[in-house]
Structure formats: structure tokens, C-alpha cells
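In: task: produce atomic coordinates for the following.
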Amino acid sequence: MEYWSLPIEKLLSSLDTSKKGLGEKEAEKRLGKYGHNAIEKKETRSALKIFLSQFKNPLIYILVFATIVAAFVGDKTEAVIILAIVFLNSVLGFFQEYRSEKALEKLRKYIKFKAKVLRNGERAEIEAEKLVPGDIVFLNIGDKVPADIRLIEVQDFSADESVLTGESLPVYKKTEHLKKENPNPQDLINTAFMGTIVASGTANGVVVSTGESTFFGKTASSLKEEKKSDFEENMAKFGNFLLKIILITTVFVFAANFLLHKGLVESLLFALALAVAITPEVLPIIITVALSRGALKLAKKKVVVKRLSAIESMGNMDILCTDKTGTLTENKIIMTDYFDLGGKKDDKIVLYSLLANSTVVNRDKISGNPLDVAIWKYAKDASIEKFEKIDEIEFDFERKRMSTVVKNEKILLISKGAPESIIDICKNLDKKKAMEKVKELSSSGHRVLAVAFKEVKSKKDYTKEDEKDLKFLGFLTFTDPPKKDAKDALEAFDRLGVEIKVLTGDDPSVAFKVCRDLGMDIKEEDVILGFDGDVNRAKIFARVTPEQKLQIVKALKEKHVVGFLGDGINDAPALRMADVGITVDTASDVARDASDIILLKKSLKVVANGIREGRRSFGNIMKYILNTISANFGNMFTIAISSLFLKFIPLLPTQILLANFMTDMPMLSISTDNVDSSILRKPKKWDINLISKFMMHFGALSSIFDFITIFILMFVLNLGIPGFRTAWFLESCLSEIVITFAIRSKKKFYKSKPSKILVFMSAATFLIILFAIYSPIGKLFEFSKLSIPLLIMIFLILLAYFSCAEVLKRYFFKKYEF
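Out: Modelled structure (predicted):
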């Protein structure tokens, strides 16, 4: 039913109701038919289901497999460590999802309030949840609208719809039916929407939608579907990539060793131990620590992170879609100037606009229309005591003006309102020139009011018919001033390589002026009305609807990592669609539930801080991944190949697992490492193809030096099996530690300072490895003591390996953008 397009009588008839309201029995019947005026509770998952869902991840499959293998091989310590990592990671994910599972319940609290209705022809107050279509509802200033209501009668009635649209100015309503097809909520000026607040006046109307059928309810219902972050999707891809490599390597090593007659059990244990060794079991912990560390830092900067994975997505973000009001501007209307048609200042303009003003001042509290409040603050010292207010002709939507009759020496009727409305009722005025001036002021980004007056004779009542043949006095201009830190914030985004796109319901000229004043590099052709499908060329989308915001974000996501900053109910779908949904703590419950990040201060500068922390987290996570695939995979590849031509297994399964455990120790501290400023300059994206190329380059380099070590140990020094295994164990462990300091930065190693924790953990691990070899513990792993000359030779090989890695690093990062 297109309720907005029907005349009131036809609408009431179609709803089978009247201006006297419903009877109690009929209301009960409809309550059973339509249900309660509430957001339906989503079927919640049990705690067990939420916990089990944490294991739906390829990386977790790999770790669980590694746990079983480690236990089977006999290394219970390694099995316990891996199992603890899997459990801790799953518990953290469980608590995060369990909290979000409760999020929609807040929506039910949002509409638990009373509503004033007509039942059986008499006024009554009922729970808003019991409203049904056809109820007649009364609205007064300050009321929260309990349902979607088609207005029947209004008196100076306006609604604060910022919870829906994000725009600060109240919307004046009228009752006439609208001949529009598929209108947007902003177009429905004959409707009061659930959740909005009555800003002025009174009204009554008929309920047309309740619960999930309302605009509020439909928005909330659209948020029930869970989303995966860009980071989670990329981790799943990386997990699948690792799984394929591990399976291929394991099958190949087992088959090759078995066919070379090295025994079924021995070949199986060796292959399985190798599979555990190349599994990046500490990756979940490194991710959690890196992201948690970022979340703690952001908390100190007034940013609350709802989902840890959003930090990494925030770092990869290359486009931020944001509203203008309250983000780029103060969301506070101020009066900036006043002048007559000739451009001269006339104090009467301010004085008379103050007399024709609806502002209510009660001690320190000022309330009323934001434009009237701005006039009062601008001219509060003006002397109006000598004027006696006789009458007032209230504002209405059709006239777009209000008038006041005051008495001093003379009786004056003063009208103030929309310029075209005031100009229309004036005489002896060049109306064309006046409208050109209005157009000029509006195109420069100002909101404009006009003031006119005339002398009138004394009478009992003054009406709209008295508003004619007035003398035009002048204009008042207003603006929502830019935030003091907005310009610096926009410059910071530019340095971070993040493009800002402004999505606003405001006038294009206003948005254009604000953005130009803040130093954004934009031209008039960069501003479009609504959404025409071309999201890349436009920088400002003006007069956008909630649906268009969603379309814009969806289109941008095809080629970009997109952040969206909004706080209205209508922003919720776009917040959910974006890779990173960002809102403020004062936003609607729906917007907060749909978001990933909540700002305790609505400022782009705070968002820029979040991007930097996201990039630090990404940089350190990537260091671990690159280290693992270069050194770890290189060493294990060498073991796999060498086992084909050596007459013995190069490393025992227990030695492989010990090497894996040792090299993981310094890696646990990589999440606290310092990050180069170059990492912060522009967004980085996950690129499995590029990661595999890195693996091929640096894995090959690692294998070359491994084979050099094998050649020297076997054919130059002619070491026995225990000595060979011990020397190779030492070289394998230390090469993985050494390579960390080469690939942790694109710079030369001495130009990028590692964190103290990483240096300490690496040094401590080196000493523990030597202790394991030279202490009695070494016998448990069948190690033999190495001579000093052999240690020196291994260190020289590592030095050559590190030097070559430095050269290869510069070549790789120059050839491939990473």
C-alpha cells in the first residue's frame, strides 16, 4: 500500500479505521495479525555452536592435524603447545562472537516506551509495543515517534531525523498526499518515522507500519546476516594456500623415502614431522597479539575496536566514505553575516530576526530550531525588552516562514523564513535581483534566511492573510563551520594514501564549499547528485539516499578496501557492507551494532590513528609470514630433497620438531617489532601470488646455502651421522633467526632498528640452542658436540647467507611492489 500517495480519508478507509481510532477488541485482533511493534529476536546460536564455529578455518585444520601428528611422532610437548595455541585462539574468537550475538537485543530496548493513542474514541497511553496499523497516535515536542505514522494534522511540526539521515536540521512536515513512485524516506514529508524525535510543534496521525515493517525495522532486519572481514577472507585464502603446499610436500617426501627403501614407519614419521615443521603454528597467536596490541593503543586514542580483524582491514583501507555533517564540520549551525540587498549591514535585520524567533531560553538551556538558536546566540545582547509581543503566526511547511507581531511605538508584523517565501510577499522589490542574490549565497555554501516587515493596525488576531505587501529588509547567512582539525586530518589521509569520498544528504554547493575550504583538491565535475554508477570519478555524492550509500560502498568494494563512517539508522546497511564500518558512541544502536569500530570522538584524525595502527599490525604479521615461507619452507624443502640422495634421514623427527619449536620463540615477539615509516605511507593488500613469488626467491636462496652446508659437512669434513645432523640442525635454526633481521624491512638492515624484545628473544634462543647441543639434554636428541672451527664455519655460512639476502631483498622489492 502506497500510504503516502493516498488522501487521508482514503487511507483511513483502506486501514479500516477512522479519526476516532480503533476499538480495544479490534486492536487486540490486529496485534495477533501483525505482531508486536518490536524488532523480532534473531534465533540465537548456543554457546557450543559459537565455539565450534571457531574451527571453520583452513589454518585451524592445519594446526589440529599438526597436533595429532606431533602426538603420534612422540613429541607431546609440541602437541600441547600447538593445542594450547588453537584453544586460546578459539576462545578469543568465541568471546568476540558471543558478545556480537547479543547486539540486536539492544534494538528491542530502543523502542520500549509509551505511546499516546485514541482507543474507543478516548485518549489513552499504552506500551508502544502494542501499537498496530490503524491506531491514531498523538505526538508532542520531545516525543520519540513510536511507529511509522502518516500525519493527519500538524501544527508547526518538525522531526529530528538525524538518527535516520545524519543531517542536523529538523525536517518540517505536512499532511498532503504525495504523488511519487518509490520515494526515499527523505521525500516522505507527510510521514513521521519510528525512532525519530519530535523537534517542534504537535501532530497526530495514523500508524501505517509497525515493528519490522517500519523503515527502522527493515534496516535492523537487514543486519542479521553476518559478514566476513577482508582480513578474515584473506587469512582463509592464505590457509588454503599453505594447506596445499603442506599436503603436496608431505605426500612427496613420504612416497620418495618409502620407494628408496628407508622403511614404512621411518618414512611416515619423517614426512609427518616435516609437515608439522612447516606449519606456521604461532601465526594465530602473532595475529592476536599484533591486533590486540593495536586495539589497546587505539583505546588510549578514544577508539573502541569491536572486532580485532577490523584493525588489519582498517590498515589496508584505501578509500574512506564519510558524511560531511559532524565529521568535516562541527554539526553546529552558526550565523555568519547579515546585510540588505545592496550588501550594506543594517542592524534592524538582526533585531527583527530576533523578534521573529522561536528560541526558548530556560536558564542555561537553549532550545528551538537550530537557525533560530544561531540568531539568538549571534544577537543575544540586542535590546528587545522595549518590544511587546502581541501575536505569532506559526511556521508551517507550505509557507516556509513564521511571523511575529510586536508593539513599540508602532505595531510591526515581522516575517522571517526561506528567502523565496519572504521575497514572494514583499512589494517595491526587484525580485529577480533578490533571487539572484539568494542563488549566489546558496552556491557559495551558505544557508540563507530573509527578513521583511510592515506596519499593521491593531486588531484581535493576525493570520496568514496579513503576510503581504511587506518591505524587504535583508538576508541572514548561516554555516556549519569546518572542524578545526579536519584540514589536518584530510592532509594526513592524503599522506596515508587514503582517498576521501563525501556522501551527504546535503546540497551539493554546501558540500563543495566545505570540502574546498578544507583544502580538498576537487572540481565541480567531481560533485554528482545521488549515484550514477561511476564511483571512481566522483569525490562528493550529494543528496544521496540510504540505498545509494549502500550501492556506492558495494561498487567501490569491487576494487578497493572501503571504510564507511556514519552514525544514522540509514547508515547501518552501508556500515555492514563496508570492509570497515566506523561509527561514534553517540550513534544509533543500529549503527553501533553494524559497525566494527566505535569512535569516542567523531574526528577523522582519530580514524587516521586507527589506519596507522592497522598498518603496523599488518606489517608485523607479514614479517612472520615472509620469514616462515622463506626460511622455514626453504629449510624443509632442502630436507625433503636431500633425503632422496642421502643414505640416512638428514634430521630425526624429534630434531625437526625441536628446530621448529626453537625458531618459533623469537617469532612470538615479531608482533611487537618496530615498523618502518614506509609501511605507513600507503595501504597494502594481501597478494597470495606475490607471497608465493617471495617464497620462490627466498626459499631458493635458503636451499642454496643449505646445500652448500650439506656439501661441506658430507664431502669436505666427512662428518658422521650424529655430527652432520647436529651441525645442520644448528645451521637450520640460526638461518631462520638471521633471515628475520634481513627481511623485516625494505631498508638496509642497519637503517631499520628492530625492537628490543625481538633482539632479546633472538639472542636468548641462540643461547638455548647452544645449551641444547652442549648440555646433557643434547643426548635426548642424539646431538654431538661441535668443534670451534666447525662453529666458525657455520657462522661464516650464515654471514654469507645474510649478505646475499640483503642483496636479493633490494632486487625483489624493486621489481615487485609489496
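In: run through who's touching stretch 699-713.
Out: The contact list for stretch 699-713 (C-beta atoms under 8 Å, 6 or more residues apart in numbering) reads 629-631, 633-635, 637-638, 641-642, 650, 719, 723-724, 727-728, 731-732, 735, 739, 793-794, 797, 800-801, 804-805, 808. Every residue, glycine included, has its C-beta placed from N, CA and C.
In: restricting the selection to alpha carbons, write that stretch to PDB.
Out: Extracted as PDB, the C-alpha positions of stretch 699-713 are listed here (Å, rounded to 0.1, in the frame of the first residue of the first chain):
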ATOM      1  CA  GLY A 699      63.200 -20.200  -0.300                       C
ATOM      2  CA  ALA A 700      65.600 -20.900  -3.200                       C
ATOM      3  CA  LEU A 701      68.300 -18.800  -1.600                       C
ATOM      4  CA  SER A 702      67.800 -20.600   1.700                       C
ATOM      5  CA  SER A 703      68.000 -24.000   0.000                       C
ATOM      6  CA  ILE A 704      71.200 -23.000  -1.900                       C
ATOM      7  CA  PHE A 705      73.000 -22.300   1.400                       C
ATOM      8  CA  ASP A 706      71.600 -25.400   2.900                       C
ATOM      9  CA  PHE A 707      73.000 -27.500   0.100                       C
ATOM     10  CA  ILE A 708      76.300 -25.700   0.400                       C
ATOM     11  CA  THR A 709      76.300 -26.600   4.100                       C
ATOM     12  CA  ILE A 710      75.400 -30.300   3.200                       C
ATOM     13  CA  PHE A 711      78.300 -30.400   0.700                       C
ATOM     14  CA  ILE A 712      80.800 -29.100   3.200                       C
ATOM     15  CA  LEU A 713      79.600 -31.300   6.000                       C
END
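In: tell me the mean pLDDT for that stretch?
Out: Mean pLDDT, stretch 699-713: 91.
In: could you do stretch 30-37 as well?
Out: Mean predicted confidence for stretch 30-37 is 92.
In: and that stretch, what's buried?
Out: Within stretch 30-37, the residues that count as buried by 16 or more other C-beta atoms under 10 Å are 30-31, 34, 36-37.
In: same question for stretch 435-449.
Out: 437-438, 441-442, 445-449.
In: which among the contacts of stretch 699-713 count as buried?
Out: Buried subset of the contacts of stretch 699-713 (neighbour count, 16+ other C-beta under 10 Å): 629-631, 633-635, 637-638, 641-642, 650, 719, 723-724, 727-728, 731-732, 735, 739, 793-794, 797, 801, 805, 808.
In: residues near the nearest residue to A538 once chain neighbours are set aside, how many?
Out: In space, and not counting its chain neighbours, A538 is closest to I528: 4.6 Å by C-beta to C-beta, 6 or more residues apart in numbering. When counting by other C-beta atoms under 10 Å, one arrives at 19 neighbours for I528.
In: can you list the strands that the helix or strand harbouring I528 pairs with?
Out: Per DSSP states H and E, I528 falls inside strand 527-529. Strand 527-529 sits in its sheet next to strand 540-542 (parallel), going by DSSP bridges.
In: convert the C-alpha atoms of the helix or strand just after the partner strand to CSV, please.
Out: Counting by DSSP H and E, the element after strand 540-542 in chain order, helix or strand, is helix 546-556. Output of helix 546-556 as CSV, limited to C-alpha atoms (Å, rounded to 0.1, in the frame of the first residue of the first chain):
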residue,chain,number,x,y,z
PRO,A,546,20.5,5.4,2.2
GLU,A,547,20.1,2.9,-0.7
GLN,A,548,22.5,4.9,-2.8
LYS,A,549,25.1,4.9,0.0
LEU,A,550,24.9,1.2,0.1
GLN,A,551,25.3,1.0,-3.7
ILE,A,552,28.3,3.3,-3.7
VAL,A,553,30.1,1.2,-1.0
LYS,A,554,29.2,-2.0,-2.8
ALA,A,555,30.6,-0.7,-6.1
LEU,A,556,33.8,0.6,-4.5
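In: if you count neighbours, what's buried in helix 546-556?
Out: For helix 546-556, by 16+ other C-beta under 10 Å, it's 546-553, 555-556.
In: just name the closest of the residues you listed to N316, please.
Out: L556 (13.7 Å; C-beta to C-beta).
In: correct me if wrong: that closest one contacts G563.
Out: No: using C-beta atoms under 8 Å, L556 is not in contact with G563, being 10.0 Å away.
In: what do these two both touch?
Out: Common contact partners of L556 and G563 (C-beta under 8 Å, 6+ apart): 319, 321.
In: circling back: identify the farthest-apart pair in the buried residues of helix 546-556.
Out: Within the buried residues of helix 546-556, two members stand farthest from each other by C-beta to C-beta: P546 and L556, at 16.1 Å.
In: which residue, neighbours along the chain excluded, lies closest to S421?
Out: Per C-beta to C-beta, 6+ apart, closest to S421 is K400, 4.2 Å.
In: measure the one you found to K416 for me?
Out: As for K400, its distance to K416 is 10 Å (criterion: C-beta to C-beta, to the nearest Å).
In: also K437?
Out: When K437 is compared with K416 (using C-beta to C-beta), they lie 17 Å apart.
In: same check, this time on S630
Out: From S630 to K416 the distance is 72 Å (C-beta to C-beta).
In: ok, S735 next?
Out: 80 Å.
In: V117 should be in a helix, yeah?
Out: No: under the criterion used here (DSSP: H, G, I helix; E, B strand; the rest coil), V117 is strand, not part of a helix.
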